[in-house]
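Trainee: The sequence isn't on hand, but the structure is:
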């Protein structure tokens with residue numbers, strides 16, 4: 001089906017075309033065929049015409065960091081943090097216990113519910129990590145279920161050391177880099193590790209990432225969430241597509257990122273939920289670091305799936321302009337996934353689009369918490385409409 005979207009009040013392209021006003025977009029066979037002024041729209045035979053009525057149109061959000069396949073609830077942990085308890089990575093194990101006892105159908109149903117939730121809020125591409133199974137069989141089923149709903153699947157068997165290996169962490173790394181990787185690699189595109197105090201050392205992280213690279217998986221890294229460490233340098237050295245969190249960075253870390261192709265994915269929902277300090281995105285952008293924004297949807301440290309919410313936080317508390325935050329949540333996420341067919345509205349790109357019930361993208365930060373998504377197109381097909 002071909003569609004002409006016309007009378008777009010503000011069109012954010014994330015391309016050389018920049019921001020257009022009184023614009024139009026032509027969709028053909030799930031791709032962007034043409035972008036320009038509404039008065040110059042090509043005369044093509046028989047497209048459906050959608051009148052934007054002056055609303056803003058933006059690329060679909062690209063959420064490049066999530067943990068959507070899990071069971072259980074950690075609301076009590078959140079409540080305790082709000083009362084002053086400090087966040088620690090060990091809480092992951094409670095979700096592991098719940099996830100191991102859930103059936104495939106239970107996990108699948110919850111995952112599909114999250115996918116509907118994301119789509120309704122304008123997210124058209126999402127990366128999903130494993131990491132709540134931590135046995136060969138459980139990690140295999142998590143990546144297998146994730147692969148049912150996205151091509152961007154990450155094997156994160158090295159999320160935390162499970163209790164049964166608490167005194168034998170190197171043996172667990174042997175499992176992750178051997179039988180577990182063998183079982184999960186066919187379903188995954190990415191390999192990830194939580195390189196952090198309380199999770200995995202730099203040496204263990206290197207073993208995990210290099211094993212994944214040898215199996216054809218591309219590296220990503222969780223690092224510098226709870227304190228300064230060497231995870232950023234490891235990620236840059238190994239050519240990781242993204243390092244995620246980056247709450248605590250040294251000047252050397254920032255310089256290394258700025259001189260590399262590694263994206264720094266900031267996860268403001270985590271700082272909101274854990275009460276850690278927000279990263280200084282202004283410092284990063286001014287240094288030339290490529291920044292993405294993502295939700296990190298998970299039951300422990302960031303149980304939000306709202307990219308507009310993360311944009312609002314980034315603008316208010318992290319020093320980003322509305323335009324920078326929108327770019328980070330769309331084109332930045334695409335960079336973190338090494339994709340050039342999403343996060344942009346340009347000829348040849350996928351027709352993943354979000355129409356806002358607002359005249360400008362600035363309303364994403366200006367009206368926090370308000371459901372502004374009016375319409376969503378995924379590969380040119382309409383998924384959400386709101387009167």
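Mentor: Received it, and whenever you're ready, just let me know what you need. All values derive from a computational prediction rather than experimental measurement.

Trainee: Would you map out the domains in the protein?
Mentor: Using automatic domain parsing, the domain parsing of the chain gives 3-60+344-385, 61-336.

Trainee: mind checking how far the shortest one is from the chain centre?
Mentor: The chain centroid and the centroid of domain 3-60+344-385 are separated by 22 Å, computed with C-alpha atoms, centre = their mean, to the nearest Å.

Trainee: Same check on the longest one?
Mentor: The chain centroid and the centroid of domain 61-336 are separated by 8 Å, computed with C-alpha atoms, centre = their mean.

Trainee: Could you work out the end-to-end span of it for me?
Mentor: Terminal residues of domain 61-336 lie 13 Å apart, using C-alpha to C-alpha, to the nearest Å.

Trainee: where does residue 44 land on pLDDT?
Mentor: Looking at residue 44, its pLDDT is 71.

Trainee: What's the local residue count around it?
Mentor: For residue 44, the tally of surrounding residues (other C-beta atoms under 10 Å) stands at 12. For glycine as for every other residue, the C-beta is placed from the backbone atoms N, C-alpha and C.

Trainee: tell me which element it is part of?
Mentor: When secondary structure is defined by DSSP states H and E, residue 44 falls outside every helix and strand.

Trainee: Can you give me every residue that contacts it?
Mentor: 2, 4, 26, 28 (C-beta atoms under 8 Å, 6 or more residues apart in numbering).

Trainee: May I have the beta-bridge partners of the last one?
Mentor: According to DSSP bridges, the residues that bridge with residue 28 are residue 31.

Trainee: need the contact list for it.
Mentor: Here residue 28 is in contact with 2, 44, 47, 380 (C-beta under 8 Å, 6+ apart).

Trainee: Just the buried ones from those?
Mentor: 2, 47, 380 (16 or more other C-beta atoms under 10 Å).

Trainee: isn't the last one right up against residue 27?
Mentor: Same thing as residue 380. Yes: the pair residue 380 and residue 27 qualifies as a contact (C-beta atoms under 8 Å) at a distance of 4.6 Å.

Trainee: shaky segments in the protein?
Mentor: Scanning the chain for pLDDT under 70 picks out 45-46, 88-90, 384-387.

Trainee: for it, what's the longest helix?
Mentor: The longest helix of the chain (DSSP state H) is helix 104-120.

Trainee: Any chance you could list what contacts it?
Mentor: With C-beta under 8 Å, 6+ apart, helix 104-120 has contacts from 63, 68-71, 99, 126, 128, 141-142, 145-146, 148-149, 297, 305, 373, 376, 378, 383-384.

Trainee: So which of those residues belong to helices?
Mentor: Members of these lying in helices (criterion: DSSP H): 99, 141, 142, 145, 146.

Trainee: The first one reaches residue 133, doesn't it?
Mentor: In other words, residue 99. Yes: with contact defined as C-beta under 8 Å, residue 99 counts as touching residue 133 (6.1 Å).

Trainee: Can you check which residues contact both of these two?
Mentor: Contacts common to residue 99 and residue 133, judged by C-beta under 8 Å, 6+ apart, are residue 142.

Trainee: who does the host helix or strand of residue 58 pair up with?
Mentor: Residue 58 is part of strand 56-59, with elements assigned from DSSP H and E. Strand 56-59 sits in its sheet next to strand 3-12 (parallel), strand 353-356 (antiparallel), going by DSSP bridges.

Trainee: by contact count, what packs against the helix or strand following the shortest one?
Mentor: Right, strand 353-356. Moving toward the C-terminus from strand 353-356, the next helix or strand (DSSP H and E) is helix 363-366. The helices and strands touching helix 363-366, judged by 3 or more C-beta pairs under 8 Å, 6 or more residues apart in numbering; DSSP states H and E, are helix 307-317, helix 322-329.

Trainee: Just send those helices back as TSV, with mean neighbour count and distance to residue 352 too.
Mentor: Below are the helices and strands packed on helix 363-366 laid out as TSV (neighbours: other C-beta atoms under 10 Å; distance: least, C-beta to C-beta, whole Å):
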stretch	mean neighbour count	distance to residue 352
helix 307-317	23	13
helix 322-329	24	13
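
Trainee: Adding distance to residue 260, write the ones you listed out as CSV.
Mentor: As requested, these are exported to CSV (distance: least, C-beta to C-beta, whole Å):
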stretch, distance to residue 260
helix 307-317, 22
helix 322-329, 17
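
Trainee: Tell me which of those lies nearest to residue 40.
Mentor: helix 322-329 (24.5 Å; C-beta to C-beta).
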